[in-house]
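Visitor: turn this into a model:
(2 chains)
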Amino acid sequence: MSARAQALHDLLRDARLWRGDGQAPLRAEPTGHASLDALLPGGGWPCAALSEIVYAAPGVGELQLAMPLLARLARGRRRLAMIAPPYVPYAPALAQHGLDAQALVVVDAGRESDALWAAEELLRAQAGAVLLWQDAIAPTAQRRLQLAAETGDGFALVYRRATTRDAAGASASVASLRLGIARERGVSRVDVLKCRGARPTRSCALGA
Amino acid sequence: MLWLCLHLPRLPAEALGLDGEFDVVTDQRGASRWLITAAPGVGVGTPLGTALSLQPLLRAHARHAKAERAMLQGLAHTLYHYGSPVHAELREFDETGRAPQALLWLEISASLRLFGGYLQLQAGIEAELAAGRHRISLAVAPTRAAAALFACAGDGIRVRGPAALARRLAARPIRELPWPQAQIEALRGVGLQAIGELRALPRAAFARRFGAGRLRELDRLHGEAAEPAVAIVPPERFRRRFELPGEVEQLESLQFPLHRLAYELQGWLRARDLTLRALRLDCLHARQRTSFTLRFLDAHRDGKRIFNGLNERLGREPLGAAVRALELRATELGGAQRTQSDLFDSGGGQAEWTAAIERIAARLGAHVLWTPAPQADHRPERAWRNDGDAQTVSARPRPLWLLHQPQPLPGEPAVDANVERIESGWWDGGELRRDYYVAEWQRQRVWVFRERAGGRWFLHGLWG
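Guide: Predicted coordinates:
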């Protein structure tokens, strides 16, 4: 390889360089949904980072999105937490998704501030993944979660119910990855609303 | 025998939880009151009136002998694993102007090797007591009496052999002997200044003039007579009370007593070789008491963890009324601690995780935390439990979300033909007869059922 080509090669490998259609090197964990992995930079959930899932309503497949990741983390002896889930995480279904529920702790935090505090505590305590359900989450709180996820090297997944502002693409987020999920004509569709290191606004069908 | 003696000159103040520079503790006989802890400019034994004229900033507190004795006991338990046997004594003098001597003895000839020398042992003890902010002075001697004498003199004297002991003792002034002041004065009146001079007197004459008891004490000092005493054995149960110096309404002011109680409990657990699962803290108010229970995820004997747990638990809600005293008791104990290492688990943050879960349980209440586990029951609402103890699972597809209560549906959903009939529970009063379907409803994938009696539709789960 000539010196010139070497220089170009080095430049292309530099993480600061962003190429329109390419994918920057990013530490990620496969989502377990092949069609979704293909859309994501690094091919999955970004590690040690905050990801946001904007779901249209409960029951559109929003939790299934994370199940392969959770199952894999549990097999790797990482601990998991669900904080303030809207319904009872149903144990038989968790088992059907291959998740050993022993690794999972559910925190029924009543107040939003308590839920955020618990999420941060558990992320810092090296949780594999913390799933938090909270509709209105301030950017400062998001940043704190992001920092906690970096400290504990875990996945922070925030579930937020979609609002009309989301439809307009107006609400801001500091999350590394932002997915939207909705269900139409019996099929769950995932939209990549934002992702660090690649071009967003692409969508795929879940389980397709 | 080799005795390590600890003298605690500030124990009266420590027992009352005082740590201000100008807080002094006084003792009283009749109308006379005198200082038993020192403050800047005024020494131990100064009458209170004189002391106040010298140092007007003083805040005088009456001593609480019972609390002192309890604290000394607690310290004996804390130090139990540094030597055995352990003795404790609160030496009282029946004279005005003298301070009690709080003394602890540990027999260390066996533990010196275990701890790798005296300096390591001393460092360990000092670190242990630094947590409780105790002032100590240490001395080592082959007899308990001599070790106490050296420790009270506060010189950090270490003597191992009998010859060195006799040499050192001979030079000590006789006023360091724990004898009545009148007797000391009488001895000095005849020109005796040092303990060595007392020993040189004819024994029979000394016994006749000052009593056989004093002669025996001199013999004990030199290791020539037995020193019988009852060694301390930690009690079966832990229950400790901390009287606060005043009424306390702020949690911040409870930090110090909580810290001390937590570490006393740790000392007791170590001494008895037990671990702690649950404890109860009572805050005593003027009329009523508030009780808090705290349960730990696994049995342990870590004072810091006990303290953090208590702190979070108390921080959960404001103290209802002013607190006068705290009472801590261990309610559930585990066996001895085994350090077990898992072959596959590199220990990746187990301690941090446990600590975080305990903090959450303490602040938000233990009921908010649970772990789902499947249970072998055909009835959907009984096919899960919240104690993390897994059983077998149904083979039929199940939704990830279950509603706490099935919700009646306004209309008839569009269901697929795949029906699952569940008829169960007629034997225990929880009978249900339902046809379950998977359906698409309002752009959600749902789990619905029709009651076979009545035909009404209910929403029971969501495919999250």
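Visitor: not counting residues beside it along the chain, what's closest to B:Pro234?
Guide: Using C-beta to C-beta, 6 or more residues apart in numbering or on different chains and skipping residues adjacent in sequence, the residue nearest B:Pro234 is B:Ala271, 4.2 Å away. Using the backbone N, CA and C atoms, a C-beta is placed for each residue, glycine as well.
Visitor: that neighbour and chain A: what is the separation?
Guide: 31 Å (C-beta to the nearest C-beta, to the nearest Å).
Visitor: what's the helix or strand harbouring that residue packed up against?
Guide: In this assignment (DSSP states H and E), B:Ala271 forms part of helix B:255-272. Helix B:255-272 sits against helix B:65-78, strand B:239-248, strand B:275-284, helix B:303-315, strand B:323-334, with contacts defined as 3 or more C-beta pairs under 8 Å, 6 or more residues apart in numbering or on different chains; DSSP states H and E.
Visitor: neighbouring contacts of the longest one?
Guide: To tie it back to what came earlier, the one meant is helix B:65-78. B:6, B:8, B:11-12, B:14-16, B:86-88, B:90, B:92, B:100, B:102, B:104, B:128-129, B:132, B:134, B:232, B:234, B:240-241, B:243, B:263-264, B:266-268, B:270-271 (C-beta atoms under 8 Å, 6 or more residues apart in numbering or on different chains).
Visitor: the very next helix or strand once past it pairs with which strands, parallel or anti?
Guide: Where DSSP H and E defines the elements, the next helix or strand beyond helix B:65-78 is strand B:86-91. Partner strands and pairing direction for strand B:86-91 (DSSP bridges) are strand B:101-107 (antiparallel).
Visitor: any low-confidence regions in chain B?
Guide: Residues of chain B that meet the criterion pLDDT under 70 lie in B:337-349, B:387-394.
Visitor: got a list of what B:Glu243 touches?
Guide: B:16, B:64, B:67, B:324-325 are the contacts of B:Glu243 under C-beta under 8 Å, 6+ apart.
Visitor: for B:Leu8, same thing?
Guide: With C-beta under 8 Å, 6+ apart, B:Leu8 has these contacts: B:14, B:72, B:75, B:102-104, B:134-136.
Visitor: wait, B:Gln101 touches B:Cys152, no?
Guide: Yes. With contact defined as C-beta atoms under 8 Å, B:Gln101 counts as touching B:Cys152 (5.8 Å).
Visitor: which neighbours do those two share?
Guide: What both B:Gln101 and B:Cys152 touch, as defined by C-beta under 8 Å, 6+ apart, is the set B:7, B:178.
Visitor: isn't there a strand covering B:Thr26?
Guide: Yes. Looking at B:Thr26 with DSSP: H, G, I helix; E, B strand; the rest coil, it is inside a strand.
Visitor: shouldn't it be in contact with B:Ile36?
Guide: Yes. When contacts are counted by C-beta under 8 Å, B:Thr26 is listed as touching B:Ile36 (6.5 Å).
Visitor: next, count neighbours for the residue nearest to B:Pro234.
Guide: 20 (other C-beta atoms under 10 Å in any protein chain shown).
Visitor: so, low pLDDT: which residues of chain A?
Guide: Using pLDDT under 70, chain A drops low at A:1, A:15, A:17-25, A:165-172, A:197-198, A:200-201, A:207-208.
Visitor: residue 40 - how many residues pack around it?
Guide: Unless you meant another one, I'm taking chain A. 26.
Visitor: think we crossed wires, I meant chain B
Guide: 10.
Visitor: how much space separates it from B:Ala102?
Guide: 22 Å (C-beta to C-beta, to the nearest Å).
Visitor: now do B:Arg133
Guide: Taken as C-beta to C-beta, the span from B:Arg133 to B:Ala102 is 15 Å.
Visitor: touching chain B at all, stretch A:41-56?
Guide: Yes. Using C-beta under 8 Å from any C-beta of the partner chain, stretch A:41-56 comes into contact with chain B via A:Ala56.
Visitor: between its first and last residues, how far does that stretch reach?
Guide: 24 Å (C-alpha to C-alpha, to the nearest Å).
Visitor: ok, stretch A:59-66 next?
Guide: Termini of stretch A:59-66 sit 14 Å apart (C-alpha to C-alpha).
Visitor: quick one: contacts of it?
Guide: Residues contacting stretch A:59-66 (C-beta under 8 Å, 6+ apart): A:31, A:33, A:36, A:53, A:55, A:89, A:97, A:129, A:131, A:157, A:159, A:179, A:181-183, A:188, A:190, A:206-207, B:399-401, B:443-446, B:462-464.
Visitor: again, only using 6 Å
Guide: A:53, A:55, A:157, A:181-183, A:188, A:206, B:400, B:444-446, B:462-464 (C-beta atoms under 6 Å, 6 or more residues apart in numbering or on different chains).
Visitor: tell me the residues of chain A that contact chain B?
Guide: A:57-60, A:62-63, A:77, A:79, A:87-93, A:95, A:101-102, A:104-109, A:114, A:118, A:121-122, A:125-126, A:183, A:186 (C-beta under 6 Å from any C-beta of the partner chain).
Visitor: could you flag which of those are buried?
Guide: A:57-60, A:62-63, A:79, A:87-93, A:95, A:101, A:104-109, A:114, A:118, A:121-122, A:125-126, A:183 (16 or more other C-beta atoms under 10 Å in any protein chain shown).
Visitor: ranges for the helices of the stretch 1-150 of chain B?
Guide: Under the criterion DSSP state H, counting those that start in this stretch, helices of the stretch 1-150 of chain B are mapped to B:11-15, B:48-54, B:65-78, B:111-115, B:118-130, B:144-153.
Visitor: cool, and chain A?
Guide: A:3-13, A:34-37, A:67-75, A:91-96, A:112-124, A:139-152, A:164-167 (DSSP state H).
Visitor: buried residues, the helix or strand that B:Arg188 is a member of. List them.
Guide: Assigned by DSSP H and E, B:Arg188 falls within helix B:181-189. Within helix B:181-189, the residues scored as buried using 16+ other C-beta under 10 Å are B:184, B:187.
Visitor: which element follows it toward the C-terminus?
Guide: That would be, after helix B:181-189 and using DSSP H and E, helix B:195-200.
Visitor: which elements pack onto that following helix?
Guide: Packing contacts for helix B:195-200, counted by 3 or more C-beta pairs under 6 Å, 6 or more residues apart in numbering or on different chains; DSSP states H and E, involve no helix or strand.
Visitor: make it 7 Å
Guide: helix B:162-171 (3 or more C-beta pairs under 7 Å, 6 or more residues apart in numbering or on different chains; DSSP states H and E).
Visitor: list the contacts of the one residue sitting closest to the centre of chain A.
Guide: Chain A has A:Ser51 as the residue nearest its centroid, 3.5 Å off, counting by C-alpha atoms, centre = their mean. Neighbouring residues of A:Ser51 by C-beta atoms under 7 Å, 6 or more residues apart in numbering or on different chains: A:45, A:155-157, A:175-177.
Visitor: and for A:Asp108?
Guide: If you count contacts by C-beta under 7 Å, 6+ apart, then A:Asp108 has A:84, B:368 around it.
Visitor: please apply the same query to A:Glu184.
Guide: A:Glu184 neighbours (C-beta under 7 Å, 6+ apart): B:Arg443.
Visitor: quick check: beta-bridge partners of it?
Guide: Bridge pairing for A:Glu184 - DSSP bridges - gives A:Val187.
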